[in-house]
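Asks: Give me the fold of what follows.
(chains A and B)
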There are 2 protein chains.
Amino acid sequence: MIDETADGPHSGGDMDNDKRYTIGFDLGGTKMLSVVFDADYKVIAQEKARTPPDGDPAVILEAMDATVRKSLKTAGIAFDRVNCAGIGVPSPVDRAAGIVISTPNMGLFQYPMKKELEAKWGVPVFLENDTNAGTYGEFRRGAGKGKKHMAGIFVGTGIGAGIILDGKLYCGASGYAGEVGHLIIMEGGPLCGCGQYGCLEAFSSRTAMAKDAVALASAGNMPSVFKQAGSDFKLYKSKMFELGLKENDPNVRKIIERSAWHMGVGMANLVNILNPELIVLGGGLVDRIGMPYLETARASMQGHLMAGIAKSVTVVLSELKELAVPLGAACIAREETK
Amino acid sequence: MIDETADGPHSGGDMDNDKRYTIGFDLGGTKMLSVVFDADYKVIAQEKARTPPDGDPAVILEAMDATVRKSLKTAGIAFDRVNCAGIGVPSPVDRAAGIVISTPNMGLFQYPMKKELEAKWGVPVFLENDTNAGTYGEFRRGAGKGKKHMAGIFVGTGIGAGIILDGKLYCGASGYAGEVGHLIIMEGGPLCGCGQYGCLEAFSSRTAMAKDAVALASAGNMPSVFKQAGSDFKLYKSKMFELGLKENDPNVRKIIERSAWHMGVGMANLVNILNPELIVLGGGLVDRIGMPYLETARASMQGHLMAGIAKSVTVVLSELKELAVPLGAACIAREETK
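Replies: Numbers count the residues shown, from 1 in each chain, chains lettered A, B, ... in the order given. Below you'll find the model as predicted:
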């Protein structure tokens, strides 16, 4: 067995050695991921499942429970050896009360998830907004180790962010901080899903990119990798953009570059307000595209900042990728139970 | 004499009663203001002077010294009864080293102002960026009393801001936080003095408003209050916009509304990132126009935010107005010398 002391400051000095495992969980709109971490945050097992689409909280809870138990079974670990669980959810959360405030896509409103899961599992459960959890994961154990002021920006269906200031997660006066996706970068620009015109999300999310792809489809000017999805923008996945880039399709490249370029404007705005040392770019889309996305976004960001401040910030890719949220949630849970 | 204990937490318990006065100083690009505060931050005397325009640091220092001594003389207080001095400067500062980093208009670059003034005055001197100092003044003794998360935005020749998070001034990883004037709110919008297109400052500063006024002049469509300034946009003062609004001139009203409306977009961006409880609007232009500016900016901000977050923030006018910077600088100095 691994020496408990190897875990450093997060070990919880008086934690029972028998209870040395932590669950980190990422509850997404389309899929969920349960990860069993040991005391050193090494991955012992992980399990993915579809998030039930019908929006019934009890059904979602059932699926979460089954996925966690499956990951523990794979790890060969009984629930009584788990010390706590951290859950990343796509919603603002009331941390103290353990309530998911609102996930429009999933039908969870003011839902007491902490209480429900603690009743099922018999261990302390902590909720955190998913992009906050992902940023915290990168800060503790990923690309942001040793930094004090940083932000994580995650690009997928939408765009979310987490903020670390002075070495602590910053959530704002009422838990809404980090709404980078709804920064207005072009008044009167394209309509965003939130109802505003010109939000970053309306330019740079995978949804915005899919709308560009659909425009090509409607003009009969379709990259081969997009053929299957055609005119239904819901069918466009990050993987298709990755493949199109590998095939060097000029239209796919344009769509990616446009997303990354406008992302750079949003990043410049974030930097002008917060002056962080580091921005970590992640999320499904960026994890797939990688360096070409990063390089365009960084060049745009630097070009949209004054020289002094442009030099003050580094931009890197997520190190933890899809483990960022579960790991961050697990760190938060373990630090809270210390 | 006022009871020392009335000053509460800022009094400095072991401060000599003979040394109960603090200098707060606002060094601006065109004028400077020295204020003598007593232990309760009551204004004992204040003195204004023109900032020498020739950009010679020694000449500026001389003028600062003369203005401070004049304010002390008006107050009837000798320098040996001053405990410390706080100086707000229109530049990022190195607080620890007491250095003014760069004020392009005034010729101060890497200038050791703390050391120079301490040599002249024999009291501890502290430097702070002016918009940070102004925000701190509102936070401690003005419109932001009792708040934990707030921002101050100051509109004049340019647009600057200060940020208070968790009850402390937040300056970022390298002192650049709060560059609200250079938020890009419209990619490809009007050119800003910084060389970028579409910055908030290019829409909402007094300089931007003066450019609109000049456009009217060149079309021969001149409100009477603008006649004197004509086509030279440097001659447009906040007072002229105030007068035009009082005369109910429709073009002046449009110029003010445009500034305030775009300011609301910048404020929405700030709120989306920081989720503050309060925004205080001040600076020469807003202090003059007052409620009409505030109401338009607030309506625009709320219209550009999602409902939940829009309800979480209050917007008010500066209470301290031109005393905000000297008072904030004095508070910082006194808290640093405790």
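
Asks: The residue lying closest to A:Q196 once chain neighbours are set aside - how many residues pack around it?
Replies: Using CB to CB, 6 or more residues apart in numbering or on different chains and skipping the chain neighbours, the partner closest in space to A:Q196 is B:H304 (6.1 Å). Backbone N, C-alpha and C define where each C-beta goes, glycine included. Neighbour count of B:H304, defined by other CB atoms under 10 Å in any protein chain shown: 25.

Asks: Excluding chain neighbours, give the residue nearest to A:G29 in space.
Replies: Excluding the flanking residues, the one nearest A:G29 by CB to CB, 6+ apart is A:N105, at 4.7 Å.

Asks: Check for me that the one you found belongs to a strand.
Replies: No - under DSSP: H, G, I helix; E, B strand; the rest coil, A:N105 sits outside any strand and is assigned coil.

Asks: quick one on the thing from earlier: so the residue nearest to A:Q196 makes contact with A:L183?
Replies: No - if you go by CB atoms under 8 Å, B:H304 and A:L183 don't touch, sitting 10.1 Å apart.

Asks: ok, back up a step: how close does the residue nearest to A:Q196 sit to B:A63?
Replies: B:H304 is 43 Å from B:A63, where distance means CB to CB, to the nearest Å.

Asks: what are the phi and psi values for the residue nearest to A:Q196?
Replies: phi -100, psi 10 (degrees, to the nearest 10).

Asks: who's in contact with it?
Replies: A:I184, A:Q196, B:G264, B:V265, B:A268 (CB atoms under 8 Å, 6 or more residues apart in numbering or on different chains).

Asks: Just those residues: which are in helices?
Replies: Counting by DSSP state H, the contacts of B:H304 place B:G264, B:V265, B:A268 in helices.

Asks: what residue ranges in chain A score low on pLDDT?
Replies: Along chain A, the model assigns pLDDT under 70 to residues A:1-17.

Asks: tell me the centre residue of it?
Replies: Note on chain A: the residue nearest the mean C-alpha position is A:T131, at 4.2 Å, using CA atoms, centre = their mean.

Asks: and chain A, which of the ones in helices among the contacts of B:H304 contact it?
Replies: Among the ones in helices among the contacts of B:H304, proximity to chain A is found for B:V265, B:A268 (CB under 8 Å from any CB of the partner chain).

Asks: Go through the ones in helices among the contacts of B:H304 and name the one nearest chain A.
Replies: B:V265 (5.4 Å; CB to the nearest CB).

Asks: Quick check: that closest one touching B:I185?
Replies: Yes - B:V265 is in contact with B:I185 according to CB under 8 Å; the separation is 4.6 Å.

Asks: which neighbours do the two share?
Replies: Common neighbours of B:V265 and B:I185 (CB under 8 Å, 6+ apart) are A:I184, A:E187, B:L200.

Asks: what's the closest non-adjacent residue to A:G172?
Replies: In space, A:G172 is closest to B:N275, 2.5 Å off (CB to CB, 6+ apart).

Asks: Look up how far A:G264 lies from A:H304.
Replies: 6 Å.

Asks: likewise A:D249?
Replies: 22 Å.

Asks: so who does the residue in the stretch 101-250 of chain A positioned nearest to chain B touch?
Replies: Chain B sits closest to A:G172 of the stretch 101-250 of chain A, with a gap of 2.5 Å, by CB to the nearest CB. A:G172 is in contact with A:G178, B:H149, B:L274, B:N275, B:P276, counting by CB under 8 Å, 6+ apart.

Asks: pretty sure it belongs to a helix, no?
Replies: No - according to three-state DSSP, A:G172 belongs to no helix; its state is coil.

Asks: So what pairs up with A:F37 in the strands?
Replies: A:T22, A:V43 (DSSP bridges).

Asks: Touching, it and A:Y21? I think so.
Replies: Yes - between A:F37 and A:Y21 a contact is recorded at 6.7 Å, counting by CB under 8 Å.

Asks: And these two? Which one has more around it.
Replies: A:F37 (27 against 23).

Asks: separation between that one and A:F25?
Replies: Counting by CB to CB - A:F37 and A:F25 are separated by 11 Å.

Asks: Common neighbours of those two, please.
Replies: In contact with both A:F37 and A:F25: A:P326, using CB under 8 Å, 6+ apart.

Asks: Run a quick neighbour tally on A:V280.
Replies: Residues lying near A:V280 (other CB under 10 Å) number 31.

Asks: How about residues contacting the one helix or strand it maps to?
Replies: Assigned by DSSP states H and E, A:V280 belongs to strand A:278-282. Contact with strand A:278-282 is made by A:134-135, A:138, A:142-144, A:147, A:149-155, A:263, A:267, A:270-271, A:293-294, A:297, A:301, A:313-321, A:324, as judged by CB under 8 Å, 6+ apart.

Asks: from the residues you listed, which ones fall inside helices?
Replies: In this view, these that belong to helices under DSSP H are A:G134, A:T135, A:E138, A:M263, A:M267, A:L270, A:V271, A:Y293, A:L294, A:A297, A:M301, A:A324.

Asks: So the fifth one sits against A:L294, correct?
Replies: Yep, that's A:M267 we're talking about. No - taking contacts as CB under 8 Å, A:M267 lies outside contact range of A:L294: 10.8 Å.

Asks: what is in contact with those two at once?
Replies: Jointly contacting A:M267 and A:L294 under the rule CB under 8 Å, 6+ apart are A:V315.

Asks: can you list the residues of the stretch 201-338 of chain A near chain B?
Replies: Going by CB under 8 Å from any CB, the residues of the stretch 201-338 of chain A near chain B are A:262, A:265, A:268-270, A:272-277, A:304-306, A:308-309, A:312-313.

Asks: Turn the buried ones among those into a named PyMOL selection, would you?
Replies: Command for PyMOL that selects the buried part of these, burial taken from 16 or more other CB atoms under 10 Å in any protein chain shown:
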select buried, chain A and resi 262+265+268+269+270+272+273+274+275+276+277+304+305+306+309+312+313
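
Asks: what's the span of stretch A:118-133 from first residue to last?
Replies: 19 Å (CA to CA, to the nearest Å).

Asks: picking that back up, more neighbours, A:D249 and A:G264?
Replies: For A:D249 versus A:G264, neighbours defined as other CB under 10 Å are more numerous around A:G264 (22 against 18).

Asks: what about that one, distance to A:A299?
Replies: Note on A:G264: its distance to A:A299, by CB to CB, is 7 Å.

Asks: cool, and A:T22?
Replies: In terms of CB to CB, A:T22 sits 39 Å off from A:A299.

Asks: The two: who's more crowded?
Replies: Comparing A:T22 with A:A299 by other CB under 10 Å, the one with more neighbours is A:T22, at 27 against 14.

Asks: what sits against that one?
Replies: Per CB under 8 Å, 6+ apart, neighbours of A:T22: A:V36, A:F37, A:Y41, A:V82, A:N83, A:C84, A:A85, A:G86, A:A330, A:A333, A:R334.

Asks: mind running it again at 10 Å?
Replies: A:10, A:35-39, A:41, A:44, A:82-86, A:123, A:326-327, A:329-331, A:333-334, A:337 (CB atoms under 10 Å, 6 or more residues apart in numbering or on different chains).

Asks: What of A:K48?
Replies: Per CB under 10 Å, 6+ apart, neighbours of A:K48: A:D26, A:G28, A:K31, A:M32, A:L33, A:S34, A:V35, A:T67, A:K70, A:S71, A:E322.

Asks: So which of those residues are in strands?
Replies: In strands, judged by DSSP state E, the following of the contacts of A:K48 are found: A:D26, A:K31, A:M32, A:L33, A:S34, A:V35.
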